[in-house]
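Engineer: Using only what follows, build the 3D model:
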Amino acid sequence: MSRVVIALGANLGDRGSTLRAAARAITAVPGVRPVASSREVESVALTLDGLDDTKPRYRNGVVVVDTDLAPQELLDALHRIEDDHGRTREVRWGDRTLDLDVVAIDDLRLDTATLTVPHPRAGERAFVLAPWLDADPDAVLPGVGRVADLLDALGDDTERIDEPRLFAAASGASGTDSTGTESAA
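Structural biologist: Numbers count the residues shown, from 1 in each chain. Here you go, the predicted structure:
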């Protein structure tokens, strides 16, 4: 099994409901087991030209899962979930109903035509790092550094949303449950 970090984001529609539904859909994929999840954060839209506060704000979160799926199989499953939530791919970095990104898979380094892991810009994005740190306080971005250190250096410009975690930690898994209580492995 591989440990996978998946970033979720949405800036169209009912963003919070979409993120929670997507988190449930991810954990329902055969061969995927939930481990931990973050609370939601909100951030300014990031476009090709940089931050754009005229666009709808994003809600973001992170889920951590274990899977026996191959990286491309997992990516294909995530694309189906995006499609099920009305995702279109006409404008790169455009507004979206749902965006699911594979951020890291164990210590794997992979660069294919469709998938690069670790995500090449994850260490530059507070909207990925802040929820990842919330889901896993000991997280490390492979080849880059501790998520807590990266977020400290970058600065956290996200706003915490007062909602439960995207899903409760799996029984016996490391992480926190839906109330934020630590659970032991």
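Engineer: excluding its backbone neighbours, what's nearest residue 74?
Structural biologist: Leaving aside its chain neighbours, residue 74 sits nearest to residue 67 (5.9 Å; criterion: C-beta to C-beta, 6 or more residues apart in numbering). For the C-beta atoms, the positions are set from N, CA and C on the backbone; glycine is no exception.
Engineer: Who is that neighbour paired with across the strands?
Structural biologist: residue 2, residue 32 (DSSP bridges).
Engineer: hang on, it packs against residue 4?
Structural biologist: Yes: counting by C-beta atoms under 8 Å, residue 67 does reach residue 4; the two are 5.7 Å apart.
Engineer: Now for these two: what residues contact both?
Structural biologist: Residues touching both residue 67 and residue 4 by C-beta atoms under 8 Å, 6 or more residues apart in numbering: residue 74.
Engineer: Secondary structure of residue 163: a helix, I assume?
Structural biologist: No: counting by DSSP: H, G, I helix; E, B strand; the rest coil, residue 163 is not part of a helix but coil.
Engineer: Use 14 as the first number for this chain going forward.
Structural biologist: Got it, first residue is 14 now, which makes that one residue 176.
Engineer: measure the residue lying closest to it once chain neighbours are set aside to residue 40 for me?
Structural biologist: In this structure, residue 176 finds its nearest non-sequential neighbour in residue 53, 5.3 Å apart by C-beta to C-beta, 6+ apart. To residue 40, residue 53 is 17 Å away according to C-beta to C-beta, to the nearest Å.
Engineer: Which one's more surrounded, those two?
Structural biologist: residue 53 (28 against 17; other C-beta atoms under 10 Å).
Engineer: Contacts only, for the more buried one.
Structural biologist: By C-beta under 8 Å, 6+ apart, the neighbours of residue 53 are 29, 32, 72, 73, 74, 144, 173, 174, 176, 179.
Engineer: Confidence-wise, which of those comes last?
Structural biologist: Here the lowest pLDDT out of those sits on residue 176, with 86.
Engineer: sorry, back to before: turn the contacts of residue 53 into JSON lines, including neighbour count, secondary structure and distance to residue 86.
Structural biologist: Formatted as JSON lines, the contacts of residue 53 follow (neighbours: other C-beta atoms under 10 Å; DSSP: H, G, I helix; E, B strand; the rest coil; distance: C-beta to C-beta, whole Å):
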{"residue": "29", "neighbour count": "16", "secondary structure": "helix", "distance to residue 86": "28"}
{"residue": "32", "neighbour count": "28", "secondary structure": "helix", "distance to residue 86": "22"}
{"residue": "72", "neighbour count": "25", "secondary structure": "strand", "distance to residue 86": "27"}
{"residue": "73", "neighbour count": "27", "secondary structure": "strand", "distance to residue 86": "24"}
{"residue": "74", "neighbour count": "32", "secondary structure": "strand", "distance to residue 86": "22"}
{"residue": "144", "neighbour count": "32", "secondary structure": "helix", "distance to residue 86": "24"}
{"residue": "173", "neighbour count": "14", "secondary structure": "strand", "distance to residue 86": "33"}
{"residue": "174", "neighbour count": "16", "secondary structure": "coil", "distance to residue 86": "31"}
{"residue": "176", "neighbour count": "13", "secondary structure": "coil", "distance to residue 86": "30"}
{"residue": "179", "neighbour count": "27", "secondary structure": "coil", "distance to residue 86": "22"}
